[in-house]
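Undergrad: pasted the sequence and its predicted model underneath.
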Amino acid sequence: MKREEVVINKKRATRSDKKRDIKPTISTDLKNCVYRLSYVTNTPVKDVVETFCEKGLQSRIVIEYLSCYFRRDYQYLNTLYLGDPGRESLQRKYQSNQNVRISTRVNRDTYEEIRNLSDALDVTPSKTTALLLDASIRNTNLINAYVKTYLHQHISNNRMKELKEVLKYINNNNPYNEEISWFALLSMIYEELKDTAVTLKEGLHNWIERFK
């Protein structure tokens, strides 16, 4: 009897740890950005969405941005954001024929955080995920950190240092007064490689050599 109870409890624990499906509806522009990130980092779309939602929930800048839409109070670390029920609900805002639905899966803890945030925003968890994803990807620090992490996993520390110098050179000599981000840099390199048989690691090496 006890053994059966243990088996049942283990099964229940496994089910509770499974990831939850969320299907946010987002703008076509945001979808294109997510798919481009997926493309240049060779990462499944659902994983890109999950990562940015997790990072956004941990970012004070992102929460600060979303706080102006809070209709209920929200606790972030040691800060209590006061909600205002008089604020306009975002549930049906920003909806158009240009919107598309994408899918992601998040772990139980992340889902609970999204649900808490949805209570403050007074919208569904799916809508909250869409707002969170948009706010997170617009955060330059988050997107740069995401791409840099990817690069660290694919090239040596020495190559990474050289790539930083290349990026610094490009930005210091950019006549358009626009700072090139890590994402933009990786996108440029990937565009040159996508129709070739060269691997990203080899392509990064060759690309760096051109600036020496």
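TA: Structure received.
Undergrad: all helices for this protein, in order.
TA: Along the chain, counting by DSSP state H, helices occupy 2-17, 28-41, 45-58, 60-67, 108-121, 125-137, 140-152, 157-172, 182-193, 200-209.
Undergrad: does the shortest one pack against any helices or strands, and if so which?
TA: Okay, so that is helix 60-67. Judged by 3 or more Cβ pairs under 8 Å, 6 or more residues apart in numbering; DSSP states H and E, helix 60-67 is in contact with strand 74-76, strand 79-81, helix 125-137. Where you see a C-beta, it was placed from the backbone N, CA and C, and this is true even at glycine.
Undergrad: okay, those, which one's buried deepest?
TA: helix 125-137 (a mean of 23; mean count of other Cβ atoms under 10 Å).
Undergrad: on that earlier part again, which of the helices of the chain sits closest to Y81?
TA: Closest approach to Y81 among those (Cβ to Cβ): helix 60-67, 4.4 Å.
Undergrad: per-domain residue ranges of the chain.
TA: The chain breaks down into these domains under automatic domain parsing: 17-141, 154-209.
Undergrad: between these, which one is closest to V147.
TA: Between V147 and those, the tightest spacing by Cβ to Cβ is seen for domain 154-209, at 4.1 Å.
Undergrad: show me where pLDDT drops low in the chain?
TA: Within the chain, the set of residues satisfying pLDDT under 70 comprises 1-17, 94-97, 174-178, 197, 211-212.
Undergrad: centroid residue for it?
TA: The centroid of the chain falls nearest to F52 when counting by Cα atoms, centre = their mean (1.9 Å).
Undergrad: hmm, A145 and that residue touching each other?
TA: No. The criterion here is Cβ atoms under 8 Å, and F52 misses it with A145 at 10.5 Å.
Undergrad: Y150 and S38 touch, don't they?
TA: No. In this structure Y150 lies outside contact range of S38 using Cβ under 8 Å: 11.2 Å.
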